[in-house]
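J.: Predicted model and sequence follow; I will ask about them next.
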Amino acid sequence: MIRALTAAATGLEAQQTKIENIANDLANVNTDGYKRTSTEFQDLMYETVKQPGGALGSGSQTPVGIQVGMGVKVGASHKNFEPGPARMTYNPYDLMIEGPGFFQVQTPQGETAFTRNGAFHIDSQGILQLANGAKLNPQVTIPRNALNVNISNAGEVRAMIPGTGETVLGQIQTVDFPNQQGLMAMGEGLYKASQASGAPVQGVPGESGLGHLQQGALEGSNVNVANSMVDMITTQRAYEMGTKVMGVADQMLSATVNVK
């Protein structure tokens, strides 16, 4: 009975982690570039009472054994990088990556980070940056007198400069990773590379498997509210079953203790 209590307790803890991830997903349903979290479970170690294939005597072996499980744990929790829906804004500095890839930015702390949120703005010097101050890298500067800023699907930034004509202002590049699920979330829509993600591979949008850019649009959150609500209900039921197991185990333990 004690083992049943501890195994059920591990189930409650695991389901609590999943419900927390679901709550975070639903809270970010309107966050541009947000990616939902996938939670994976793994069973814990087993106590082997009888080894499968053990000798029974007379040269025969048992075809099966006896193993008792110790419960469950959260084996992995990672971001799902399926594309989110497009949201048209018609802002010339809003960019959406249609397909694989990330924008590379430099945070105010000097760290290199990556994001799918392309809601860029220009600062007092005309440098493209996110609302949190992370600057696009390689850096692109828009002159104060620039007119009709146009960003092509391949990331080429052009604008009309009075007295000069149409001018190329820079080239936006994107990056991708061998293992996107190995990225570490930093908050504010940013990710950083890890040994699991591999080194970033930089290139021109639309080439080498990278997605094209779309100007005047943003990628919405890929959280599906209906699916998340269903997951929340099944997680809640699993949690309730765990509490019932603990109640039954407690009743059995109580009956054993009260045997006269």
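T.: Now that the structure is in, tell me what you want to look at.
J.: measure residue 45 to residue 246 for me?
T.: 20 Å (Cβ to Cβ, to the nearest Å). (Glycine included, C-beta is placed from N, CA and C.)
J.: Looking at those two, which one has more neighbours?
T.: Legend: neighbour count by other Cβ atoms under 10 Å for residue 45 and residue 246, higher for residue 246 (18 against 9).
J.: which strands and helices sit next to whichever helix in the chain runs longest?
T.: If you go by DSSP state H, the chain has its longest helix at helix 225-257. Helix 225-257 sits against helix 2-27, with contacts defined as 3 or more Cβ pairs under 8 Å, 6 or more residues apart in numbering; DSSP states H and E.
J.: tell me which strands and helices the helix it packs on is in contact with?
T.: strand 37-43, strand 72-79, helix 225-257.
J.: between those, which gets nearest to residue 204?
T.: Among those, strand 72-79 comes nearest to residue 204, with 25.0 Å by Cβ to Cβ.
J.: Report the mean per-residue pLDDT for the closest one.
T.: In this model, strand 72-79 has an average pLDDT of 94.
J.: in its sheet, what does that strand sit against?
T.: Strand 72-79 has its sheet partners listed here by DSSP bridges as strand 37-43 (antiparallel).
J.: contacts for stretch 183-203?
T.: 31-34, 79, 102, 104-105, 107, 111-117, 130, 132, 134, 173-182, 208, 210 (Cβ atoms under 8 Å, 6 or more residues apart in numbering).
J.: Just the terminal-to-terminal distance for it.
T.: Using Cα to Cα, to the nearest Å, the end-to-end distance of stretch 183-203 comes out at 19 Å.
J.: And for stretch 175-194?
T.: 14 Å.
J.: Report the distance from that stretch to the chain centre.
T.: Offset of stretch 175-194 from its chain centre (Cα atoms, centre = their mean, to the nearest Å): 8 Å.
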